[in-house]
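output the structure for:
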Amino acid sequence: MTFSKEKLCETIRMLSVEIGPRQATSAAERAAAEYVQKTLLDFGLTPEVQTYASINSFSKRLFTQELVSAAVLAAGMKSTGQVRRFLGLAGLGLALHDVRLWHGRPALWDGLLPRGQTQNVVARIPARHTSQNRIVVVAHLDTSQDRITAHPKIVQYLPNFLGWMGIPVLLGGFMTLFAPDNRWTRFVKGSMVVHLLLGGVLSLIDEIGDPIAGANANASGAAVLLGLAEYLAQNPLPSTEVWCVFTGGAEAGCTGIEHFLQKHAAELWDARFVVLNRVGTGELCWVTDHSLSPAVHYQPDADTACAAEIVARQHPEWGIMGRPMMTLDELANVRQYNFKGLCLMGYDRVTGLSPNWHRETDQIEHINPEAVHKAAEFTLALLKKLDSG
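Numbering: from 1, shown residues only. Next up is the predicted model:
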């Protein structure tokens, strides 16, 4: 057995129980990063801590987007001349900006929002021989809150409500530019403004819930990545350098991976990425289509997905397959930067959703040691396959 289930679960316990909820920019998130840094040093690695400023919640981006969009749309209802044209174009721009947010990219006004300090922890493991390839394995350390939008009776409607917010802005922009100003167009645009304001209110309500322990999301992914780091420190891949990247701020809108890519994109031009997210319970899959908005989808590249499929066929006893998931994760940023890669994630066989996602039930007692162990074994097998070509 390559990995110890006990050690993997001990890491999950340390992060989710001993440290507990780890919201972005919090002291607990820093404690998790310090724990990872110390553990990597114990493995004989030399981790780098990358600090940066981050917002602490993706909902803040959404709220600001909906508020600004509603204001622009409302102002365009009675404007004339050049002002009307400017507001129409601004509406079209905000619709494109909405797509940007659902790809995990920073809001243009992130610098105006309250921010705190967070960090990534990065360890590089050289190839055993001459390095011909590079693989970056990513897992985030931060956690979210118990969100009303993730309630089992509501979550299925989340994409169609929040995910379509860009459509009213887009249509409103076109109407401001080209439609005559009459009672009917004002009624339609007024309805759009109400829709946007309701979305903003829901984003605020989503902030009320208590922070969650995040045993599955994402202490499980961090545990698998630490297990891989320990193994690879003693058994490097023959021709591939592996970067182990523990990010902060993923639940705040993928700020950690964005900072990492901004810093290292040129250096890692030929790298492949493997994202580990919520792999501690349910069935394991590589995600074939990611979406938290019906208007925004992203997929793994064909080569990496093909490698995952080959590994899955070689190990039918694992029962791993590719499938679409409702998710916004760090692969969004990876693909936006035109890197190759995929995301491994757990799902519930009945609902097709990630178990206990953004719920207070995301506790260590709901972690399945077999699932965590399978995720570690599959990830290592995938790295070896990518190394061999």
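
how about residues contacting stretch 329-342?
Stretch 329-342 has contacts (Cβ atoms under 8 Å, 6 or more residues apart in numbering) with 102-105, 136, 138, 140, 247, 250, 254, 256-258, 261, 265, 268, 271-275, 277, 286-287, 290, 298-301, 303-305, 308, 343, 345. C-beta coordinates here come from the backbone N, C-alpha and C atoms, glycine included.

among those residues, which are in strands?
Judged by DSSP state E, the contacts of stretch 329-342 include 136, 138, 140, 247, 272-275, 277, 286-287, 290, 298, 343, 345 as members of strands.

just the buried residues out of the contacts of stretch 329-342, in ChimeraX syntax.
Only the buried members of those enter the following ChimeraX selection, criterion being 16 or more other Cβ atoms under 10 Å:
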select :102,103,104,105,136,138,140,247,250,254,256,257,258,261,268,271,272,273,274,275,277,286,287,290,298,299,300,301,304,305,308,343,345
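
can you list the low-confidence ranges for the stretch 101-250 of the chain?
Within the stretch 101-250 of the chain, the segments meeting pLDDT under 70 span 160-163.

tell me where the stretch 101-250 of the chain has helices.
Remark: helices assigned in the stretch 101-250 of the chain by DSSP state H, counting those that start in this stretch are 158-161, 166-178, 183-205, 221-234.

mind checking how far Gly44 is from Val137?
18 Å (Cβ to Cβ, to the nearest Å).

of the two, who's got more company?
More crowded of Gly44 and Val137, by other Cβ atoms under 10 Å: Val137, with 27 against 10.

residue contacts, the residue nearest to the more buried one when sequence neighbours are not counted?
Distances taken as Cβ to Cβ, 6 or more residues apart in numbering put Val274 closest to Val137, at 4.9 Å, once the chain neighbours are dropped. The contact partners of Val274, by Cβ under 8 Å, 6+ apart, come to 135-138, 304, 341-344, 379, 382-383.

got the domain ranges for the chain?
Listed by automatic domain parsing, the domain ranges of the chain are 5-56+115-146+210-388, 60-110+152-205.

most packed of those domains?
The highest mean neighbour count among the domains of the chain, using mean count of other Cβ atoms under 10 Å, belongs to domain 5-56+115-146+210-388: a mean of 21.

any idea how far apart the tips of that one sit?
End-to-end distance for domain 5-56+115-146+210-388: 27 Å, by Cα to Cα, to the nearest Å.

for it, the distance to its chain's centre please.
Here domain 5-56+115-146+210-388 is found 10 Å from its chain centre; the criterion is Cα atoms, centre = their mean, to the nearest Å.

hang on, the earlier thing: who does the residue nearest to Val137 form a beta bridge with?
According to DSSP bridges, the residues that bridge with Val274 are Val137, Leu342.

pLDDT score for it?
As predicted, Val274 sits at a pLDDT of 98.

perfect, I'm done here.
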